[in-house]
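Undergrad: My questions are about this predicted structure, shown below with the sequence.
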Amino acid sequence: MSTLVKSTANVPAAKTGSTALDLVLRFRALGLVIALAALIAATTAVNPRFLSAQSLRDLLFAAAITVLLACGMTVVVLTRGIDLSVGSVLGLSAYVTASALSESGAATPVAMLIGLAVGAACGALNGAVIHFGRVPPLVATLGTLYVFRGTVYFLAGGSRINASDLPRGFLDFGNGTVLGVPYLFCVALVVLAAVGVFLGRYRAGRDLYALGSNPEAARLAGIRAGRRLMTAYIVSGALAGLGGVLYAARFGTVDASAGYGLELNIVAAVVVGGVAIFGGSGTVLGAALGALLLAVINNALPVLRIDQFWQQAIVGALILAAIALDRLVSLRASRALRTKGSHVD
Amino acid sequence: MSTKLRDTAAVRLLTTWDAAIIAATVVFLAAAAQTVEHFGTARNAGFIVLDLAPILILALAMTLVVTTGEIDLSVASTVGLTSAAMGVMWNAGIPLETIIPAAIGIGACLGAVNGLFITGFGLPSLAVTIGTLALYRGLAYVLLGDTAVADWPRAFTGWTLGTVGETAIPNVLIPMAALVAVFGIVLHATAIGRSIYASGANPVAAAYAGIAVGRLKFWLYVTSGAMAGLVGVLWTLRYSSARADNAYGLELTVVAVVLLGGVSIFGGRGALPGVLAAVVLLTALQNALRLAHVSTEALTVVTGSLLIAAVLAPNTANAIRGALRARRSRTA
Amino acid sequence: MSTGADETDPKPVVSLAGVTKAFGAVRALRGARLDLYPGEAHALVGENGAGKSTLIKILAGLYRPDGGRIEIDGVPTAFADTAAAMNAGIAVIYQEPALFGDLTIAENLFIGRQPRVRFGLIDRPAMNRRAAALFDRLGVPMDPDRPAKGLSIADQQIVEIAKAISLDARVLVMDEPTAALSGVEVERLFSVVRALRDDGAAVLFISHRFEEVEALCQRVTVMRDGAHVSTDPMDEVTVDQLVRRMVGRELGAMFPKQDVEPGEVVLEVEGLSRAGICRDITFEVRAGEIVALAGLVGAGRSEVVQAVFGIEPRGAGRVRVAGRELPSGNPRAAMRAGVALVPEDRRQQGLLLDLSIMRNATLTRRGRLSRFGFLVGGAERRAAEKWTARLNTRYGRLTDAAGTLSGGNQQKIVLAKWLATGPRVLIVDEPTRGIDVATKAEVHRLLSSLAAEGVAVIMVSSELLEVLGMADRVLVMREGRIAGELDRSDATEEAVMLLATGRESVA
């Protein structure tokens, strides 16, 4: 995981720029960790059982799928895009995977690959419509949100697949733990690390930041925007597909509404995690911490005896606070730049 | 070629997306009335009007917002929150005559909050209204939890479902038609409308022409919130139920009909007739499928595809036209 | 005119001859010539519109020339795109570089070609070391691991130069790099450029500031009207000679400013200042007068008129129209007081390109054209027809998008939009930029007749001939201040250029 954190050692301090800005930019993740720690500490103080193995396991179960999808969403948002179809893709993949297992009797690994492939195909469709059709990402993925959801309904036709129809091993995978950590969360961690390394340490990953940061400069630098955008949407789709597989394994019961409305939670997690909604900035680690924070808030509310109904309002307030903070930082940066760039006195 | 002939507004209208969607709506209505049993009855038309009322009213304000190049994803949550607020006020014994204007006022205030974040602090409207989408729905749950307030007076709930006198015209059609007229005139035949298009087409040039772009957008968000408040009232009374989850997810349908109606997501382009047609088309399609016992869920595929096609079709047409022109200039 | 400056290596690394380029009717280059030798810094000077930018864009591979010859190391070459120019060893540093603000400085240098270790992973330490080595070589302390966001323009240029070096660029083209820099920053930039030059790179330096040109360059080429005028060793020409060559044209009879007895003062600007942009601007304009704001690009002329009109708030100072003070930052109040501003950039600031000609032409009068609040009937159409006809605008239909018109006709729409408001004070910012000669003359005749009708006209222009031909008085701005005021009788090309560049008077 060390690759996700930029090394700051042994470099002479830059003479220019505001240090406060540097701090916020570099330590957004740290701020989230502190917020998480404070929240956990406060909740534990009220009820020590919040840190019990059972409670932590529930938390990780709840967070696993959100973290996974937040990774994919980060990749897309970095390019100045957005993928609103993830909830529908998850539903489609979950249903296809579960029906492959229950009706066609496919082997578990095969069914999982099918789920992943369904997601990747959906992502490729998004990418193609956005890049080749020049349809804005918001419109394109809002459209496919409907299309994919409608496809699930068409396939399911009101029926649902129950846990009893699914193979034992598949369900064990969905509900089992290793050293108290759910398998699902392990999958999410592996994906997090992989996407983190891809974004941080591969040329293709860095190109995504470049595309979101300054599309015109990216063109001048010879970055192939089409190929990179396709990659981003396929990654987002494939991870939503994987999320569908995990959903089926975790809950066993799958109907056509699986993952309904999930997209907004994922966008919230990513924005709270410090990924700029207009691209170029943010890390997958931040997004994952954002997802984790939302899950902790969700689980902490009953312990703190706060009405569960506050959860969504808190999420909304967090989003507004996060974008307002980012705006403040960039305003100060540009103001510092203006006074420095002036040539009149 | 005669330019005179081509210069008529009617001819030009027929070549636009608006025209296509209006034509599709008319054709569909005619075909459905012939083939789907009970579709063409006055009673069914009334149901369709009832179903499309909330979408239409929200879409009116959304059209204005999107034409300026912004978006408001919080409308459905605003409906939920005003509905929940109505429930709380009713439980507190406040008369409905006071509650109704208060609910619309609450909606306007919620819109003003959006407007303040977007025009005052300069934040992107997409992110802000995703935030308030969660916030307003969350506050609705805080107010009412998962309970419902259902003991609304018959006189009011009956009105929302009733018809004008002995006719088959639903009562709600009257205020709806008035709103359509007001929004249509404002957008297409007043200085404010010109400012809305200008702000979306080129905010810099609009500012140079003396348009206070920020202030204009702020008031459009207030309007959008007030319309959502009104829908909150109608929804609550129509279903005789104030609930926090009223109109859940409706924002996507509203955005979909606006884009489907030919309004450009980048602002500056679009017209109300196309949006009206899109609302009618979607609601009537849903209704016809239900009457024909086809799963209405299949409709979501159609909605989504149309939404993409609304943007894809002109883009593709332009690309083809550009390619043809390039080829012609090469051969010339 | 001289041959190569460097006797030891007489072969130019870049050689351009007879290069032509036209944009529609406008011939931006008509026979440009330039030879760059390794180890020399070469200045390129000329008025705005002389074709310098077009030449640079051809060198950068952004434009393809219509004719002429480009040779790199004696080999005829045609750049297909920017990458081809880069591969040929040509690097262009623009006035405001485009960096990836969210990436680190080192990544900005190496994007797409980061050093890699096993499995294709980017070797960040190696990348940072290489970046640090580059900055060491340039003698500039810079942390390669900090994000590029928040860097000053000067530092951004240093980053671009470092990138050029890392690409083994042998030719460094710098387009007015010092326009936004402070004195210290200019010094640092120059020490970096001198070191590169002494290492054998060829530097093409475009600047309006002669003291910088003298301090840095060995040879200087003058361009005028898209053509080559002269190339000399720097120490064999004087600045006065250069200025004469830049402007040396005869005044034609195409600027028919009528003599008008100036009326009362209509616009008074007093002590107008904006932090970092302009300072203590004071002037007044009378009815029937045309006052030109001259000066170099970046001198703050457009910013002054924007503050007068209220597009930008003013930091300090007053603006009065016919004795009534205008509030700061409120274009609507300015319009009500009878001020109109035809902005500099008609595509970005002047027009709604996607909307119809009619909507554009009537946008400023959307309120006044309505009856009882409604814009119905043919009020807009009639108004648009009237004004487009008055300005001789050529178009297909009033419902065509404004973006389909030619530059000259677009400019007429913008003018129509503002003339329709019946202004008392008309501000025009570069009114004839990028339009053909015939339309230019029409615009000049129009401005003159408006003045004759008693309108107070302020004209911002970078074209000296236009300034001299049209203006009753010329205010010359330099670096955010008014450097001097010239009456029509005193206003000569030399006098304006010398005030604008900060030189003492020639005579």
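TA: The structure has been received and is ready for your questions.

Undergrad: OK, contacts around the closest residue to B:D18 other than its chain neighbours?
TA: Spatial nearest neighbour of B:D18, excluding adjacent residues (C-beta to C-beta, 6 or more residues apart in numbering or on different chains): B:G274 at 3.5 Å. (Each C-beta comes from the backbone N, C-alpha and C, glycine too.) Applying C-beta atoms under 8 Å, 6 or more residues apart in numbering or on different chains to B:G274 gives the contacts B:17-18, B:21-22, B:261-263.

Undergrad: Let me know whether C:R478 touches C:V496 as I believe.
TA: No. Under the criterion of C-beta atoms under 8 Å, C:R478 makes no contact with C:V496, lying 10.8 Å away.

Undergrad: okay, the two: which has more neighbours?
TA: C:V496 (25 against 19; other C-beta atoms under 10 Å in any protein chain shown).

Undergrad: For the more buried one, which three-state class applies?
TA: Of the three states, C:V496 takes helix under DSSP: H, G, I helix; E, B strand; the rest coil.

Undergrad: Tell me how far the closest residue to chain A within the stretch 201-350 of chain C lies from chain B.
TA: Chain A sits closest to C:G276 of the stretch 201-350 of chain C, with a gap of 3.0 Å, by C-beta to the nearest C-beta. Relative to chain B, C:G276 is positioned 20 Å away (C-beta to the nearest C-beta, to the nearest Å).

Undergrad: which residue packs closest to B:G193, ignoring adjacent ones?
TA: Per C-beta to C-beta, 6+ apart, closest to B:G193 is B:L187, 4.3 Å.

Undergrad: in what helix or strand does the one you found lie?
TA: If you go by DSSP states H and E, B:L187 is part of helix B:173-189.

Undergrad: now swap in C:A491 and tell me
TA: For C:A491, there is no host helix or strand (DSSP H and E).

Undergrad: Tell me the backbone dihedrals of the closest residue to it other than its chain neighbours, please.
TA: Excluding its sequence neighbours, the residue lying closest to C:A491 (C-beta to C-beta, 6+ apart) is C:V474, at 4.7 Å. Torsion angles at C:V474 (phi, psi; degrees, to the nearest 10) stand at phi -120, psi 120.

Undergrad: B:L312 too?
TA: When read as degrees, to the nearest 10, the backbone of B:L312 gives phi -70, psi -40.

Undergrad: tell me the contacts of it?
TA: A:129, A:133, A:135 are the contacts of B:L312 under C-beta under 8 Å, 6+ apart.

Undergrad: what residue ranges in chain A are flagged as low confidence?
TA: Where chain A drops to pLDDT under 70, the residues are A:1-27, A:333-345.

Undergrad: wait, I meant the stretch 401-507 of chain C
TA: C:437, C:503-507.

Undergrad: And for chain B?
TA: Residues of chain B that meet the criterion pLDDT under 70 lie in B:1-15, B:296, B:321-322, B:324-332.

Undergrad: cool, and chain C?
TA: Scanning chain C for pLDDT under 70 picks out the ranges C:1-10, C:24-26, C:48-49, C:180, C:248-256, C:377, C:437, C:503-507.

Undergrad: In terms of residue numbering, what are the domains of it?
TA: Following automatic domain parsing, one gets these domains for chain C: C:14-99+C:151-247, C:101-150, C:265-501.

Undergrad: closest to B:A212 out of these?
TA: Checking the domains of chain C against B:A212 by C-beta to C-beta gives domain C:265-501 as the closest, at 6.8 Å.

Undergrad: C:I482 contacts C:R473, correct?
TA: No. If you go by C-beta under 8 Å, C:I482 and C:R473 don't touch, sitting 11.5 Å apart.

Undergrad: could you pull out the helices for the stretch 251-400 of chain C?
TA: C:301-309, C:331-336, C:357-362, C:379-390 (DSSP state H, counting those that start in this stretch).

Undergrad: Give me the distance from the second one to the chain's centre.
TA: It refers to helix C:331-336. 27 Å (C-alpha atoms, centre = their mean, to the nearest Å).

Undergrad: repeat for stretch C:274-291
TA: That offset, for stretch C:274-291, works out to 20 Å (C-alpha atoms, centre = their mean).

Undergrad: can you check stretch A:289-306 too?
TA: From the chain centre to the centre of stretch A:289-306 is a distance of 17 Å (C-alpha atoms, centre = their mean).

Undergrad: If we go by neighbour counts, what in that stretch is buried?
TA: A:289-301, A:303-304 (16 or more other C-beta atoms under 10 Å in any protein chain shown).

Undergrad: for chain C, what are the nearby residues on the stretch 201-332 of chain B?
TA: Counting by C-beta under 8 Å from any C-beta of the partner chain, the residues of the stretch 201-332 of chain B close to chain C are B:201-202, B:204-210, B:212, B:268-269.

Undergrad: okay if I get these as TSV plus secondary structure?
TA: Shown next, in TSV, are these (three-state DSSP):
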residue	secondary structure
B:A201	helix
B:N202	coil
B:V204	helix
B:A205	helix
B:A206	helix
B:A207	helix
B:Y208	helix
B:A209	coil
B:G210	coil
B:A212	coil
B:G268	coil
B:R269	coil
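
Undergrad: mind putting the residues you listed in JSON lines, neighbour count included?
TA: Below are these laid out as JSON lines (neighbours: other C-beta atoms under 10 Å in any protein chain shown):
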{"residue": "B:A201", "neighbour count": "27"}
{"residue": "B:N202", "neighbour count": "25"}
{"residue": "B:V204", "neighbour count": "15"}
{"residue": "B:A205", "neighbour count": "27"}
{"residue": "B:A206", "neighbour count": "25"}
{"residue": "B:A207", "neighbour count": "18"}
{"residue": "B:Y208", "neighbour count": "27"}
{"residue": "B:A209", "neighbour count": "30"}
{"residue": "B:G210", "neighbour count": "25"}
{"residue": "B:A212", "neighbour count": "17"}
{"residue": "B:G268", "neighbour count": "23"}
{"residue": "B:R269", "neighbour count": "19"}
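
Undergrad: so does stretch A:294-314 get close to chain B?
TA: Yes. Applying C-beta under 8 Å from any C-beta, one finds stretch A:294-314 in contact with chain B at A:307, A:309-314.

Undergrad: and these near chain C, which?
TA: Among the residues of stretch A:294-314 next to chain B, proximity to chain C is found for none (C-beta under 8 Å from any C-beta).

Undergrad: Mind checking which of the residues you listed are buried?
TA: Listed as buried from the residues of stretch A:294-314 next to chain B are A:309-314; burial here means 16+ other C-beta under 10 Å.

Undergrad: My reading is that C:S230 is in a strand; is that accurate?
TA: Yes. Membership of C:S230 in a strand is supported by three-state DSSP.

Undergrad: what's the spacing between the residue nearest to it when sequence neighbours are not counted and C:R130?
TA: Once flanking residues are discounted, C:S230 sits nearest to C:V222: 5.0 Å by C-beta to C-beta, 6+ apart. Separation of C:V222 from C:R130 (C-beta to C-beta, to the nearest Å): 40 Å.

Undergrad: same thing with A:P137?
TA: Relative to C:R130, A:P137 is positioned 35 Å away (C-beta to C-beta).

Undergrad: quick one, which of the two is more surrounded?
TA: A:P137 (23 against 18).

Undergrad: Check which helix or strand the residue of the stretch 51-200 of chain A found nearest chain C maps to.
TA: Residue of the stretch 51-200 of chain A nearest chain C, by C-beta to the nearest C-beta: A:V197 (7.4 Å). Counting by DSSP H and E, the element that carries A:V197 is helix A:183-201.

Undergrad: What is that helix packed up against?
TA: Using 3 or more C-beta pairs under 8 Å, 6 or more residues apart in numbering or on different chains; DSSP states H and E, the elements in contact with helix A:183-201 are helix A:53-78, helix A:168-175, helix A:203-213, helix A:225-251, helix A:284-303.
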